[in-house]
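# Fold the following.
(chains A and B)
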Protein chains: 2
Amino acid sequence: MANVRSEVRLQSSVADLRRLLARHRLLDGLAARQEGPKRGLLEDLQHRQNAAELQRYVRAMHAADVAYALEVLPLDERRNVWEQVTDEQAAQVFVEVDAVVRESLVDLTAHDTLVRMLTSLDPEDLAYVSDAIPADVLARASAAFASADRTVFEDSRLYQDDSVGFFMTREWVAVPETHTVEHAIRDLRVRGELPPQTDRLFVVDARHALVGSVPLQALLVQAPEATILEAMVRDTPTFGPLDAAADAVKAFERYDLVSAPVVDERGKIVGRLTVDAAMDVMRGQADLQALRTAGLREDEDLFAAPLASARNRWPWLGINLVTAFIASRVIGQFESTIGSLAPLAALMPIVASIGGNTGNQTMAIVIRALAGDRVQHAEAARLMRKELAVSLLNGTVWGAIVGLFAFVFYASAGLGLVMSSAVVLNLVVAAVTGVAVPLLLHGAGRDPAQGSSVLLTFVTDAMGFFLFLGLASVFLV
Amino acid sequence: MANVRSEVRLQSSVADLRRLLARHRLLDGLAARQEGPKRGLLEDLQHRQNAAELQRYVRAMHAADVAYALEVLPLDERRNVWEQVTDEQAAQVFVEVDAVVRESLVDLTAHDTLVRMLTSLDPEDLAYVSDAIPADVLARASAAFASADRTVFEDSRLYQDDSVGFFMTREWVAVPETHTVEHAIRDLRVRGELPPQTDRLFVVDARHALVGSVPLQALLVQAPEATILEAMVRDTPTFGPLDAAADAVKAFERYDLVSAPVVDERGKIVGRLTVDAAMDVMRGQADLQALRTAGLREDEDLFAAPLASARNRWPWLGINLVTAFIASRVIGQFESTIGSLAPLAALMPIVASIGGNTGNQTMAIVIRALAGDRVQHAEAARLMRKELAVSLLNGTVWGAIVGLFAFVFYASAGLGLVMSSAVVLNLVVAAVTGVAVPLLLHGAGRDPAQGSSVLLTFVTDAMGFFLFLGLASVFLV
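Take a look at the predicted model:
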């Protein structure tokens, strides 16, 4: 093996898959045209060979790669690949795949088949994907659980999807504090395999409460006769199941964790958070932030039906329309001013546009600071002062340029001065809004990115028009 | 210990620090006012006690926590904390801290002190932070290296900051394929500690080429007499030092890796990529994307000097200004039309605004798809068709609403129809632009997020004005 680059390997596996699918589809087309007795024996044979090749190929793929391929492929090809997987693969793919694509897979699959696939999942994985599964399928799939597993399943479903409990696994290895290293290793040998991403054993006392952890490394390098307490790391970071998953991710980043125990309020271990879950949380947050800033409710399937996509975009488009109407009414108040000085109509969008852009820059910085917990009460005022200083500086520089432009184009010093003043004032408005909108959303417990761009643009548009046309009506007309 | 939540602990440690700093500053203020003989002995004593307490507190902190505190604190308090750390802490903090804050720390520190701090870093860490360090300091700090370390240092500096080589560590543990498990464990015991985030040993053949890896778990649970080849995982994902770090991160996510070997073209191990580095890369990308979409060149220190902040924002503001001028000239061509029908000035921003918003929604989805390698050549056309369908659907619905509004407010059916048509057409423009801009930037090897919002808004503004005013001048005036 050696030099197999995994990303490269993956890309080529999707490319291979595409080729197989293309051949498959081509022959399907041929077959359809040659339906009935005219259908050649040769085509039929080749078609079956291709289908077998496709199936063999898909079934040899890593579940994560199948999931990725399904996300990449358009709906009809997605269905074609999905039909090739084994039930066991299907269950793993179902856990790995994007939430939006998961929903499309549910739509593609008969309920009986879904039940058969899902029964091979462990209870916490079933809980993890349960949002996408129709109630009757979920009931039938979970009916197969033994009572202990059923309890785990019911428990798992109680956690919010942004909590540590939602992302934790219930597989961990505990070791009593009274053991020696040798004893612990002997137990591991008896046990055989360890759960994925196990970098440490959790040390418990006689009451089964967590007292610390022993890295696998320590077990390997310590003398066999050393006690677990000697090999133990005492200040193991721990989380509560109700803690915010986002906060836990920050701890993983800061302390370079691979796994950490999740404990209840009495110090008993209830689960384990692993770094792969932490990465999933981080990726999910990053994706959602970009989408929400742009005013989308949620992620959408790249190949979703247009109506479903359109609906995802309506709430913020509706809000945008209301704000645009209001901004329009602001201009409407100055119709007579514009009527007597037509250049105002051409120049006013510049004031609005430069305000919107600087405001969005400020807002991006504030949202980033909030995401990193960098803005506390004390910093809000300081941050506002800094952004005001930046906006005055930018306003002076760009206001002068814009004013000069107006003066040159329309040969009116008055118009130039009004334009400059409006730009300076609107940049101040943009700075205040850019700092205030995310802080207020965050303070109200909302995602500071959610639609913040739409709100900000409203303020800088409406105020830009008002300031510019207002100053013009007072000083020029 | 038990139930110590690390994130909670961290927040309180920053809060404690703030309290200590506040007391410190208060007493500094008192001392300044009571300068000279009037300064009370008691205040003096208390001041010194507080300073000692602050120092003790800071020196007991984890380097990652100190780094976080420095990022959060405004400049003067940042200096105060930075002055308390030991040289050894300082070196680690320097590696952990944000690039922008790192630069501010360099500004706060005398060059001699910097040299003293940095000599405790290993060569690859020094290379990692070298961008922030003045050339003379770097030369003096690296002069202390022995020749092997110097080679590592020089090598490390050759890699681009988005490559695997830049982020890899040169610490790994290799084991010959001919060993038994028992032999490998004995070697580990002799060695003592393993490098951080070591979840597997890399198995090498007689020519020191990589043949696979052995998870630590496998060493623990396998029988001692088993051979390394029996315990080995053969299809270990590997990376090349020149591979894109972003691609490596995707492999870490998909295959739930903790560490992976980095090999040269002959299959020899040259480094090791760990999951903590992968998380850093992911976080850095997510941050940068949000900032770049808003038109910022790079991250900025939350408490940077206004001039430095302003400069970071100028390139895209300049571009925005040029585009706003062009849009303004589009309107300028229709000044006589507006002069004879003043409501057009009030209504035209609605057409532009709704275009900008839908375009930004489309673009957010395309940028996300590009980041996930989900859009290949074949999908571009399909994606475009879908977005066009969504835009026609949205255009019809929202165009009708907007047209109705214009009709009701201005009692003109013609105005309403022109408005509706302009909205439909501008949403089509927005869809095409929203798909095309990121695809073209990506195709040209640029970050598809970089300033894409500014470019898109330009197109939807200019075309919105042109379509609406053009239709009005043909049909209404």
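# Write out the residues of the stretch 101-250 of chain A neighbouring chain B.
Selection of the stretch 101-250 of chain A residues close to chain B by CB under 8 Å from any CB of the partner chain yields A:185, A:188-189, A:191-194, A:196-199, A:209-212, A:216-217, A:219-223, A:234-240, A:243, A:247-248, A:250. C-betas here are computed from N, CA, C, even on glycine.
# Mark which of the residues you listed are buried, thanks.
With burial judged by 16 or more other CB atoms under 10 Å in any protein chain shown, the buried subset of these is A:185, A:188, A:194, A:197-199, A:210-212, A:216-217, A:219-222, A:236-240, A:243, A:247-248, A:250.
# how much space is there between A:Phe458 and A:Thr323?
According to CB to CB, to the nearest Å, A:Phe458 and A:Thr323 sit 4 Å apart.
# Count the neighbours of the closest residue to A:Leu108 other than its chain neighbours for me.
Closest residue in space to A:Leu108, ignoring its immediate chain neighbours: A:Arg79 at 5.2 Å, by CB to CB, 6 or more residues apart in numbering or on different chains. Neighbourhood size, A:Arg79 [other CB atoms under 10 Å in any protein chain shown]: 16.
# Can you report phi and psi for A:Leu242?
Backbone geometry at A:Leu242, expressed as degrees, to the nearest 10, gives phi -90, psi 0.
# how much space between it and A:Gly445?
16 Å.
# Between those two, which has more neighbouring residues?
Comparing A:Leu242 with A:Gly445 by other CB under 10 Å, the one with more neighbours is A:Leu242, at 14 against 6.
# Would you mind confirming that the more buried one makes contact with A:Asp162?
No. Using CB atoms under 8 Å, A:Leu242 is not in contact with A:Asp162, being 10.5 Å away.
# Quick one: the strands in chain A, in order.
Counting by DSSP state E, the segments of chain A that form strands are A:174-176, A:200-204, A:210-215, A:259-263, A:269-274.
# Just put the ones you listed in JSON lines and tack on mean pLDDT.
Output for these, formatted as JSON lines (pLDDT from 0 to 100):
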{"stretch": "strand A:174-176", "mean pLDDT": "95"}
{"stretch": "strand A:200-204", "mean pLDDT": "96"}
{"stretch": "strand A:210-215", "mean pLDDT": "94"}
{"stretch": "strand A:259-263", "mean pLDDT": "96"}
{"stretch": "strand A:269-274", "mean pLDDT": "96"}
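# got TSV for those, with distance to B:Leu105 too?
Listed next are those as TSV, based on distance: least, CB to CB, whole Å:
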stretch	distance to B:Leu105
strand A:174-176	42
strand A:200-204	33
strand A:210-215	32
strand A:259-263	30
strand A:269-274	32
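# quick one: contacts for A:Ile269?
Contact partners of A:Ile269, counting by CB atoms under 8 Å, 6 or more residues apart in numbering or on different chains, are A:Trp172, A:Ala174, A:Phe202, A:Val204, A:His208, A:Leu210, A:Pro261, A:Val262, A:Val263.
# neighbour-wise, which of those residues leads?
Ranked by neighbour count (other CB under 10 Å), the contacts of A:Ile269 have A:Pro261 at the top, with 27 neighbours.
# do you know how far A:Ile319 is from A:Gly192?
For A:Ile319, the distance to A:Gly192 equals 57 Å [CB to CB].
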